[in-house]
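> Give me a 3D structure for the following:
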Amino acid sequence: MIEAAKKSEKGLYPVLDKGFVKLVDFMGGDQRAVQSARVTFGSESKGEEKDKRLIEYLLAHDHHTPFEHCVFQFHIKCPIFVARQWMRHRMASYNEVSARYTEVAEEFYTPKAFRAQDRINRQGSTAGPELNQQKMLAIYEASVKASYQAYKKLLEAGAAREMARMSLPVSQYTQFYWSVNARSLLNFLSLRMDSHAQSEIRDYANAISEIFRDKMPWTWEAFLKLHAKSTS
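Predicted structure coming up:
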């Protein structure tokens with residue numbers, strides 16, 4: 001079970017060592033989904049109890065279009081390797097900071113501990129108590145430091161930013177704006193909160209789930225109920 005993310009005074013949900021999730025804007029809500037569904041019958045809200053049951057029905061029977069009328073906009077800061085997994089979710093809009101236009105800061109993700117390769121799930125990892133964490137961290141930090149020094153030296157030598165950035169690793173932090181409707185966001189959460197997802201992106205999904213729960217509590221409750229049934 002992933003620990004619930006905590007929101008800071010600035011509205012940020014800190015994630016990993018230097019990352020964050022922040023809700024920039026929101027349109028809609030549970031009632032907007034209800035209104036969007038009921039308009040097909042020329043009706044509106046029928047009270048909280050019936051409206052909540054309608055949301056459960058919509059999710060359970062794959063009637064997802066009413067949730068497309070609820071939109072979240074986030075500001076995300078995460079390592080590049082997390083962003084590349086994130087952007088596999090294409091039913092959304094992205095605008096990312098460009099290392100062609102700006103010189104990037106010396107900000108790299110440092111894991112709390114290295115995991116071992118999972119021998120069953122080839123794309124996954126598992127706890128590695130036998131690993132020499134101190135040795136691995138020293139190797140990693142030396143590599144990251146050398147890559148940034150190379151980046152700076154290339155810039156000083158006159159290389160264009162768009163080429164100097166090629167020396168940087170995927171642990172470099174990036175930032176982007178992400179606008180996504182509730183339907184696509186629930187799909188993101190169902191996949192990225194799953195135990196098979198990489199730990200780092202699961203931490204981000206966990207933070208986003210806190211925001212979703214706050215903004216659309218009926219939908220989130222129905223989503224959890226449906227998910228519990230599908231995994232039982």
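> Please count neighbours and contacts with C-alpha atoms only from this point.
Noted.
> so which helix or strand takes in His75?
In the assignment (DSSP states H and E), His75 maps to strand 71-79.
> neighbouring contacts of that strand?
18-28, 108-109, 170-182 (Cα atoms under 8 Å, 6 or more residues apart in numbering).
> neighbours around Lys225, how many?
Neighbours of Lys225 under the rule other Cα atoms under 10 Å: 13.
> Can you list the buried residues in whichever strand or helix holds it?
Secondary structure from DSSP H and E places Lys225 in helix 217-231. Buried residues in helix 217-231, counted by 16 or more other Cα atoms under 10 Å: 217-220, 222-223.
> where's Asp30 relative to Trp220, distance?
Here Asp30 is placed at a distance of 9 Å from Trp220 (Cα to Cα, to the nearest Å).
> chain center to stretch 140-148, what's the gap?
26 Å (Cα atoms, centre = their mean, to the nearest Å).
> what about that stretch, average pLDDT?
Mean pLDDT, computed over stretch 140-148, is 98.
> repeat for stretch 33-41
Computed over stretch 33-41, the mean pLDDT rounds to 92.
> Need the residues that contact the longest helix belonging to the chain.
Secondary structure of the chain per DSSP state H: the longest helix is helix 133-156. By Cα under 8 Å, 6+ apart, the residues outside helix 133-156 that reach it are 106, 108, 110, 113-114, 161, 164-169.
> Could I get the CA-only coordinates of it as PDB?
Output of helix 133-156 as PDB, limited to C-alpha atoms (Å, rounded to 0.1, in the frame of the first residue of the first chain):
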ATOM      1  CA  GLN A 133      23.600   0.100  -2.100                       C
ATOM      2  CA  GLN A 134      26.600   2.200  -1.100                       C
ATOM      3  CA  LYS A 135      28.600   1.100  -4.100                       C
ATOM      4  CA  MET A 136      25.700   1.500  -6.500                       C
ATOM      5  CA  LEU A 137      24.900   5.000  -5.300                       C
ATOM      6  CA  ALA A 138      28.500   6.000  -5.700                       C
ATOM      7  CA  ILE A 139      28.600   4.700  -9.200                       C
ATOM      8  CA  TYR A 140      25.300   6.400 -10.000                       C
ATOM      9  CA  GLU A 141      26.200   9.800  -8.500                       C
ATOM     10  CA  ALA A 142      29.600   9.800 -10.300                       C
ATOM     11  CA  SER A 143      27.800   9.100 -13.600                       C
ATOM     12  CA  VAL A 144      25.200  11.900 -13.100                       C
ATOM     13  CA  LYS A 145      27.800  14.400 -12.100                       C
ATOM     14  CA  ALA A 146      30.000  13.600 -15.100                       C
ATOM     15  CA  SER A 147      27.100  13.900 -17.500                       C
ATOM     16  CA  TYR A 148      26.200  17.400 -16.200                       C
ATOM     17  CA  GLN A 149      29.800  18.500 -16.300                       C
ATOM     18  CA  ALA A 150      30.000  17.300 -20.000                       C
ATOM     19  CA  TYR A 151      26.800  19.200 -20.700                       C
ATOM     20  CA  LYS A 152      28.200  22.400 -19.300                       C
ATOM     21  CA  LYS A 153      31.500  22.000 -21.100                       C
ATOM     22  CA  LEU A 154      29.700  21.400 -24.400                       C
ATOM     23  CA  LEU A 155      27.800  24.700 -23.900                       C
ATOM     24  CA  GLU A 156      31.000  26.500 -23.000                       C
END
